[in-house]
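> predicted coordinates and the sequence they were generated for:
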Amino acid sequence: MATIAATPEVFVRKSSGLVRVMSPSSAFVYNILTMGLIFPWTYLWAPGALPGGQLVWGILLAMVLEIPIALAYVWLSTALPRSGGDYVFQSRVLGGGIAFTVVMSGFVIWILQWVALSGWLLSYLGFAALFLGLGASLHNQLFLDWAGWFASGDGIIVVSVLNAGLALVILSTGFRNYIRLQRVMWVATLVAFGTMLVVLITAAATSVPGQLNAFSSSVGGSATFVDDAIAASTAAGINLNPPFSLLATLLIAPIAWTSLQWATYSSQQNGEIKDARSFRSQVYIIVGSLIVTGVLLAVLAFALERAVGTQFLYVAGAGYWSLVSEATINGIYLWPNIIAIAISASPIVVLLISFGFILNAHQIVHNCYIGMTRVMVAMSLDRLLPEWVSRVSERFHTPVNAHVVYFLASLPVILLYNKFSYLSGENVTSWASLTLGVTFACGYVFVATALAGALLPFRARALYEASPGSAYRIGGYPLVTVVGIVGFVAGVLFELLFIFNDQLGLTTNLARVVVLAVLLVSAVWYVAVKYTRRSSGINVEYAFKEIPPE
């Protein structure tokens, strides 16, 4: 009697347990909030590091260069509409070893630092700015004291832990809870952005120095703040009137890219997005959110420069990049929201702007958890992480275990992040270099996925031919290959600049060593798990030849 060979079960179960509850419009909004519409540091980092560069044109250039990468994600998302995003794309095209090493290191481990950053933004740019503005406009010393606490290291650590814990509760009890909250976040962010824009555009340039001086005086700072900041920046060797530099303008693009690259982030939860296989929907979600955010960031850059003048833009950059303390107000950098709050001197404006900043800062910890827990679920389904990591609550349809693991892993990172930030001036430099390590690490994930998009028609032909994107060709070649190659080249260029240009990326040996160490740990992890599984009769490579369970 003939026997039939049993097909090995390649996944830990036949269904992910996740459900499609997010609409394309919600995913579009999710990407915009993830890009951090109202607080990218381009406005301080670029003027401080790249004198002579034009902010508006640098931001728009970054948007244009990101479009091919975004399009590659569109093709991959419609071919593989499953949760796990970059890991799923890369593992099914480039192979599991590359995918696990790249995504575990560049995303899962490094994005823990973004959990810490979310708390920093919430406490420092949200609550501290709120009470600083209210204290100044209402002449209330108690509010000013509160602002000082929220800007302190201890304050930021407490807020960061509470911030992460609140997100854990919201997300663990159902993804729908986040979607409902996101509607409030979206409205608050738009109101904050609009308020900030109106204040900056309508500001009389001749009045701004006096308004900044009055604000500084009202919070206990210098009554001649603007003159002091200009003098200190000049004394520090900062050229406040540099000639136009085409090179500096081009180099602003990689800085702006650190925000705009997140237009693709919704792909991590493709398995929970309705109509995720629709090419049109994915273009709207990914490319649409990129263009809207890029244009709005450029508009804000124009309004900011018009309000304070080009010279003072370099002063603000000197406070952030060159650590000129006189170019900060009570140690707080001159972010666009701080400048708008100072110019308006209105408690209503303070509330409108700060409420948006608080909610958008809180959204960051949510997107860290949402994206990375879905990646962890995908890795667990492929047997590269323990099975219990991928378990999904039957009641809430959310990966509770993965959320708890990520929360616990973030706690030591929050402490490390803020100790590096506030111990001493020397450690501030170390902290900044590690933060820029995140931009490099996350960047190489996006670059690898762009390459996966380019190779999709050749290394995963069946997936490609079954996808709606296979209908699009140019000059006889698959269009995804063309956009994938262009995006890959642009991304590689950005990554090389992060490595070798001191104004852009890994500025210390510590940052380079940590990035390399995380990569090596992830690679060793994969090899160890692969051979451990093989010794028990499981070949994990079978999973990479199949579409993950829905």
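Good, I have the coordinates.
> and the strands in the stretch 201-350 of the chain?
For the stretch 201-350 of the chain, applying DSSP state E, counting those that start in this stretch gives no strands.
> the chain too?
473-474, 477-478 (DSSP state E).
> point out the most buried one among these.
strand 477-478 (a mean of 16; mean count of other Cβ atoms under 10 Å). The C-beta positions use only the backbone N, C-alpha and C, and glycine is treated the same way.
> ok, back up a step: okay if I get the strands of the chain as CSV plus distance to residue 225 and mean pLDDT?
Listed next are the strands of the chain as CSV, based on distance: least, Cβ to Cβ, whole Å; pLDDT from 0 to 100:
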stretch, distance to residue 225, mean pLDDT
strand 473-474, 55, 92
strand 477-478, 57, 94
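> closest one to residue 316 among these?
Nearest to residue 316 among these is strand 473-474 (43.9 Å), distances taken as Cβ to Cβ.
> what's that closest one in contact with?
Strand 473-474 is contacted by residues 479, 482 when judged by Cβ atoms under 8 Å, 6 or more residues apart in numbering.
> so, low pLDDT: which residues of the chain?
Applying pLDDT under 70 to the chain picks out residues 1-10, 12-13, 15, 39-40, 420-436, 505, 507-508.
> would TSV of the strands of the chain with distance to residue 524 be doable?
TSV is the format used below for the strands of the chain (distance: least, Cβ to Cβ, whole Å):
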stretch	distance to residue 524
strand 473-474	41
strand 477-478	35
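> those strands: which one's closest to residue 14?
strand 477-478 (31.4 Å).
> what lines up beside that closest one in the sheet?
strand 473-474 (antiparallel) (DSSP bridges).
> quick one on the thing from earlier: which of the strands of the chain sits closest to residue 298?
Per Cβ to Cβ, nearest to residue 298 of those: strand 473-474, 28.4 Å.
> next, count neighbours for residue 196.
27 (other Cβ atoms under 10 Å).
> and if you look at the one 4 residues further on?
Residue neighbour count, defined by other Cβ under 10 Å, stands at 23 for residue 200.
> tell me the contacts of it?
300, 303-304, 306-307, 336, 339-340, 343.
> give me the buried subset of those.
By neighbour count, with 16 or more other Cβ atoms under 10 Å, those hold 300, 303-304, 307, 336, 339-340, 343 as buried.
> relative to residue 11, which of the residues you listed is nearest.
residue 300 (45.2 Å).
> I'd say the closest one and residue 336 touch.
Yes. Between residue 300 and residue 336 a contact is recorded at 6.4 Å, counting by Cβ atoms under 8 Å.
> next, show the common contact partners of those two.
43, 196, 200.
> so the first one touches residue 302, yeah?
No. Assessed by Cβ under 8 Å, residue 43 is found out of contact with residue 302, at 11.1 Å.
> more neighbours, these two?
Legend: neighbour count by other Cβ under 10 Å for residue 43 and residue 302, higher for residue 43 (27 against 16).
> possible to save the shared contacts of residue 300 and residue 336 as TSV with distance to residue 85?
Listed next are these as TSV, based on distance: Cβ to Cβ, whole Å:
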residue	distance to residue 85
43	29
196	31
200	36
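> looking at those, which is nearest residue 129?
residue 196 (11.4 Å).
> how about the contacts made by that closest one?
Per Cβ under 8 Å, 6+ apart, neighbours of residue 196: 38, 300, 336-337, 340, 353.
> please flag which of the residues you listed sit within helices.
300, 336-337, 340, 353 (DSSP state H).
> pull the most distant pair out of those.
300 and 353 (12.3 Å).
> where along the stretch 201-350 of the chain do the helices fall?
208-218, 225-235, 246-260, 279-282, 289-321, 336-344, 347-381 (DSSP state H, counting those that start in this stretch).
> dump those helices into JSON lines; add distance to residue 90 as well.
Formatted as JSON lines, those follow (distance: least, Cβ to Cβ, whole Å):
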{"stretch": "helix 208-218", "distance to residue 90": "48"}
{"stretch": "helix 225-235", "distance to residue 90": "45"}
{"stretch": "helix 246-260", "distance to residue 90": "20"}
{"stretch": "helix 279-282", "distance to residue 90": "18"}
{"stretch": "helix 289-321", "distance to residue 90": "21"}
{"stretch": "helix 336-344", "distance to residue 90": "36"}
{"stretch": "helix 347-381", "distance to residue 90": "11"}
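> and the ones you listed: which comes nearest residue 73?
Closest among the helices of the stretch 201-350 of the chain, once you apply Cβ to Cβ, is helix 279-282, at 7.6 Å.
> for the closest one, packing partners?
Counting contacts by 3 or more Cβ pairs under 8 Å, 6 or more residues apart in numbering; DSSP states H and E, helix 279-282 packs against helix 55-79.
> and residue 321, how many neighbours?
So residue 321, with other Cβ under 10 Å, has 22 neighbours.
> ditto for residue 463
Neighbours around residue 463, by other Cβ under 10 Å: 17.
> distance of the closest residue to it other than its chain neighbours from residue 287?
Using Cβ to Cβ, 6 or more residues apart in numbering and skipping residues adjacent in sequence, the residue nearest residue 463 is residue 79, 4.8 Å away. Look at residue 79 and residue 287: by Cβ to Cβ, to the nearest Å, they are 16 Å apart.
> more crowded one of these two?
More crowded of residue 79 and residue 287, by other Cβ under 10 Å: residue 79, with 28 against 19.
> surely residue 172 meets residue 398?
Yes. When contacts are counted by Cβ under 8 Å, residue 172 is listed as touching residue 398 (6.0 Å).
> which one of those two is surrounded by more residues?
Of the pair residue 172 and residue 398, residue 398 is the one with more neighbours under other Cβ under 10 Å, namely 27 against 21.
> which ones are touching that one?
Residue 398 neighbours (Cβ under 8 Å, 6+ apart): 18, 171-175, 392.
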